[in-house]
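>>> Here is my input; please provide its structure:
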Amino acid sequence: MVQINKMKGIGFLFAVFCFSKLNAQKINDTIISGTTTVIKDPRIDILGKKMAEYNSSLGTVTYANGLISAKGYRLMVISTNDRPYAMRIRAQLYQMFPDQKQYMSFQMPNIKIKFGNFLDKADAEKVRKQILGTKLVTSNIYILPETIEVKPAKEEKEKD
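Next up is the predicted model:
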């Protein structure tokens, strides 16, 4: 019994000691005031600018064939397990929109066809409505945010 009381007493004294140290730090921190002088290497600013340029370049990547990747939109036209139907839709989309690229993938058990490279969601919506208007696809067509391929403008090619 005596030993338990001693342990409680020691624990109490330890808690009081810690609390008094914490209060002493708060008091000292609020009493001291003044100015802080920062001395830094000027190369840190140069490094910061380079890191900012690098981070901004992560949004676009230039490929060897001259295409640039950027954030944009694609249409998810179909996702089906009927391969002949998917190939028929793909062929008809090529006929209707020969300038747009199609991306066909197989994720067991479905074949998925994504369509187009649109920088603006409004452009993707316009083409989506055109495809739905032809009644080529009876299911919904979804607009997906993706990394797309962008052809560089002619003016940019001439400058290089």
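
>>> So which residues of this structure form strands?
Per DSSP state E, the chain carries strands over the ranges 61-62, 68-80, 102-107, 110-118, 142-150.

>>> Would you convert the ones you listed into JSON lines that also reports mean pLDDT and distance to Gln92?
Any C-beta I mention is one placed from the backbone N, CA and C, and that applies to glycine too. Shown next, in JSON lines, are the strands of the chain (pLDDT from 0 to 100; distance: least, C-beta to C-beta, whole Å):
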{"stretch": "strand 61-62", "mean pLDDT": "63", "distance to Gln92": "32"}
{"stretch": "strand 68-80", "mean pLDDT": "90", "distance to Gln92": "10"}
{"stretch": "strand 102-107", "mean pLDDT": "91", "distance to Gln92": "11"}
{"stretch": "strand 110-118", "mean pLDDT": "93", "distance to Gln92": "11"}
{"stretch": "strand 142-150", "mean pLDDT": "90", "distance to Gln92": "19"}
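
>>> With distance to Lys49 and mean neighbour count added, can I get the ones you listed in JSON lines?
Shown next, in JSON lines, are the strands of the chain (distance: least, C-beta to C-beta, whole Å; neighbours: other C-beta atoms under 10 Å):
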{"stretch": "strand 61-62", "distance to Lys49": "21", "mean neighbour count": "12"}
{"stretch": "strand 68-80", "distance to Lys49": "23", "mean neighbour count": "19"}
{"stretch": "strand 102-107", "distance to Lys49": "37", "mean neighbour count": "13"}
{"stretch": "strand 110-118", "distance to Lys49": "32", "mean neighbour count": "20"}
{"stretch": "strand 142-150", "distance to Lys49": "26", "mean neighbour count": "15"}
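
>>> and those as a markdown table, adding distance to Leu47?
Conversion of the strands of the chain to a markdown table gives the following (distance: least, C-beta to C-beta, whole Å):
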| stretch | distance to Leu47 |
| --- | --- |
| strand 61-62 | 23 |
| strand 68-80 | 26 |
| strand 102-107 | 39 |
| strand 110-118 | 35 |
| strand 142-150 | 28 |
